[in-house]
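Student: no sequence on this one, just coordinates:
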């Protein structure tokens, strides 16, 4: 089930998703130990760009929640973001936008980083580590990314909301598939170390380094 959290008034109900309040979204996520997470932004640089929306998904409860950050304060979800295992793809990017709001998640799992660890860069130039490629390779699922470049000018219309929700639908399945491979290759500890380092390198990049 897809839910939208927004203060923007809608004239009609949309059959593709249900609009809920902030309180309802928090209640849905209250007991979740794992959340699939993603965000859409106005650009790639967290220093000058903003968050358009964030997405939460949970496999057990079978929901995807899209939060319209142009009308909803992201800091309302600070406790959820900092207190839950977040499964993301290239989280080094997403985390920096949260740092702008004083939100510092530490318990993360990055599907891109673990996939790179499992392949160790081989064969070079052949294996793609995009979310769409990983989902196709591991789950046989096609994730349509064609709308991503249009989000900035489209805003949160129905197609963008569905796209954003689908981006947090399969990440937990990908994680468990990767964990099984990590056990076979005896690199589970290495995968955890790599994921633990993601917030560190993200924070380092966000802060920058003074070069004298």
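Tutor: Nice, I can see it. These numbers were taken from a predicted model, which means no experiment stands behind them.
Student: contacting residues for the most centrally placed residue in the chain?
Tutor: Central residue of the chain (C-alpha atoms, centre = their mean): residue 38, 2.0 Å from the mean position. Shown in contact with residue 38 (C-beta atoms under 8 Å, 6 or more residues apart in numbering): 54, 55, 88, 89, 94, 164, 167, 168. In short, each C-beta sits where N, CA and C put it, glycine included.
Student: phi, psi for the second one please.
Tutor: Backbone geometry at residue 55, expressed as degrees, to the nearest 10, gives phi -130, psi 140.
Student: next one: it from residue 20, what distance?
Tutor: Relative to residue 20, residue 55 is positioned 14 Å away (C-beta to C-beta, to the nearest Å).
Student: sorry, back to before: and of the contacts of residue 38, the nearest to residue 130?
Tutor: Here the nearest of the contacts of residue 38 to residue 130, counting by C-beta to C-beta, is residue 89; it sits at 8.1 Å.
Student: quick check: nearest residue in space to the closest one, chain neighbours excluded?
Tutor: residue 131 (4.5 Å; C-beta to C-beta, 6 or more residues apart in numbering).
Student: and the longest helix along the chain, average pLDDT?
Tutor: When the chain is parsed with DSSP state H, its longest helix is helix 188-207. Averaged over helix 188-207, pLDDT sits at 96.
Student: please apply the same query to stretch 59-69.
Tutor: Taken as a whole, stretch 59-69 carries a mean pLDDT of 96.
Student: quick one: buried residues of it?
Tutor: The neighbour-count check on stretch 59-69 (16 or more other C-beta atoms under 10 Å) flags 59, 63, 64, 65, 66, 67, 68, 69 as buried.
Student: from the residues you listed, which is closest to residue 177?
Tutor: The closest of these to residue 177 turns out to be residue 59 (C-beta to C-beta; 12.6 Å).
Student: where along this structure do the strands fall?
Tutor: Counting by DSSP state E, the segments of the chain that form strands are 2-5, 18-20, 34-41, 51-58, 63-68, 85-88, 108-110.
Student: distance to residue 206 added to those strands, as JSON lines?
Tutor: Shown next, in JSON lines, are those (distance: least, C-beta to C-beta, whole Å):
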{"stretch": "strand 2-5", "distance to residue 206": "26"}
{"stretch": "strand 18-20", "distance to residue 206": "31"}
{"stretch": "strand 34-41", "distance to residue 206": "14"}
{"stretch": "strand 51-58", "distance to residue 206": "14"}
{"stretch": "strand 63-68", "distance to residue 206": "21"}
{"stretch": "strand 85-88", "distance to residue 206": "16"}
{"stretch": "strand 108-110", "distance to residue 206": "15"}
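Student: hmm, back to that, so the residue nearest to the centre of the chain bridges to which residues?
Tutor: On the basis of DSSP bridges, residue 38 is bridged to residue 55.
Student: more neighbours: which of residue 55 and residue 20?
Tutor: residue 55 (23 against 17; other C-beta atoms under 10 Å).
Student: output the below-cut-off pLDDT ranges for this structure.
Tutor: For the chain, the stretches flagged by pLDDT under 70 are 11-12, 148-149, 152-153.
Student: hmm, 80 instead?
Tutor: Residue ranges of the chain with pLDDT under 80: 9-12, 121-125, 144-155.
Student: show me where it has helices.
Tutor: Taking DSSP H as the criterion, the chain carries its helices at 22-29, 78-83, 91-99, 111-119, 131-139, 151-154, 158-166, 171-184, 188-207.
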